[in-house]
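Undergrad: here is my input; please provide its structure:
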Amino acid sequence: MKKTLLLALALAVPAMAGVSAPLAVAPNPDNTPAPQPAPVVSPWSVEIGGVYRWACDDIHSEYKDVDVWGGELTAIYKINDNHSVNIRFGYNVGDTSDSCYTVKNSQEDIYEKEKLDLTSFYIMPGYRYTDSITDSVSWYAGVNAGISNLKADYEYYYAVNNDPQADIDLSGDDWGFAASAELGVQYHISDCVYLFGAYQYWMSTARPSDEGVKAKKQSYHSVTAGVGINF
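TA: Residues are numbered from 1 along each chain as shown. Reported below is the predicted structural model:
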């Protein structure tokens, strides 16, 4: 009787003091790991790509199809599985030149050369819709609109019998509205890295202010490819 009272008192004291009695732990005979919380996935990703553009129309009165090369950096914020917004930074550069050397007669040599250099950069916020094709392949369509700056350098040289008749060097730059539309695919190498490729239509109203450069608004078909990183 005395031992029974002591045992009851030993169990009652912790409970009266607000201390919970130890709980028995169920055995785990299969040694299965305890479930882990799902990893936190950042909504941010970054794409770095190269671009080749071929002109839809002439940008200069003397030249057609002034093709350019460039690069783009795009920061993307994923709203949900299908919708995202982004901001894109890009840079284009291209040039074209033409020179000829002709002999009209034994006394007269004519040399003529023209060259046009183009450099532009742009900043464009945008929207993108993405959907899965398979577990590792997805497609996307997007639009972007913002501003761009175009700089054009024009050179013209004309000489007869090594005597310069015309030597023109003009330069101008301008800001304008820029927009693009794209359709592409992504191939996911892992949860964090994917490759992408896309067709892109790109245009800008920027044109140099110097009348002598005679540049027109830009309009290009483009292909772009690169790598994307999910954070």
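
Undergrad: so where do the strands sit in this protein?
TA: Applying DSSP state E to the chain gives strands spanning 44-55, 68-78, 83-105, 108-132, 137-160, 163-188, 193-204, 218-230.

Undergrad: got these as TSV, with mean pLDDT and mean neighbour count columns?
TA: Using the backbone N, CA and C atoms, a C-beta is placed for each residue, glycine as well. Shown next, in TSV, are those (pLDDT from 0 to 100; neighbours: other C-beta atoms under 10 Å):
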stretch	mean pLDDT	mean neighbour count
strand 44-55	96	17
strand 68-78	97	18
strand 83-105	82	14
strand 108-132	90	17
strand 137-160	92	18
strand 163-188	91	15
strand 193-204	97	18
strand 218-230	95	18
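
Undergrad: could you check how far the closest residue to Val68 other than its chain neighbours is from Asp135?
TA: Nearest residue to Val68, sequence neighbours excluded (C-beta to C-beta, 6 or more residues apart in numbering): Gly94, at 3.2 Å. Applying C-beta to C-beta, to the nearest Å, the value for Gly94 to Asp135 is 39 Å.

Undergrad: same deal with Gly184?
TA: For Gly184, the distance to Asp135 equals 18 Å [C-beta to C-beta].

Undergrad: likewise for Ile189?
TA: 12 Å.

Undergrad: which of those two has more neighbours?
TA: Using other C-beta atoms under 10 Å as the criterion, Ile189 and Asp135 rank with Ile189 on top: 11 against 7.

Undergrad: return the residues in contact with the nearest residue to His221 once chain neighbours are set aside.
TA: The shortest distance from His221 to any non-neighbouring residue, by C-beta to C-beta, 6+ apart, is to Trp54 (5.6 Å). Trp54 sits next to 65, 67, 220-222 when contact means C-beta atoms under 8 Å, 6 or more residues apart in numbering.
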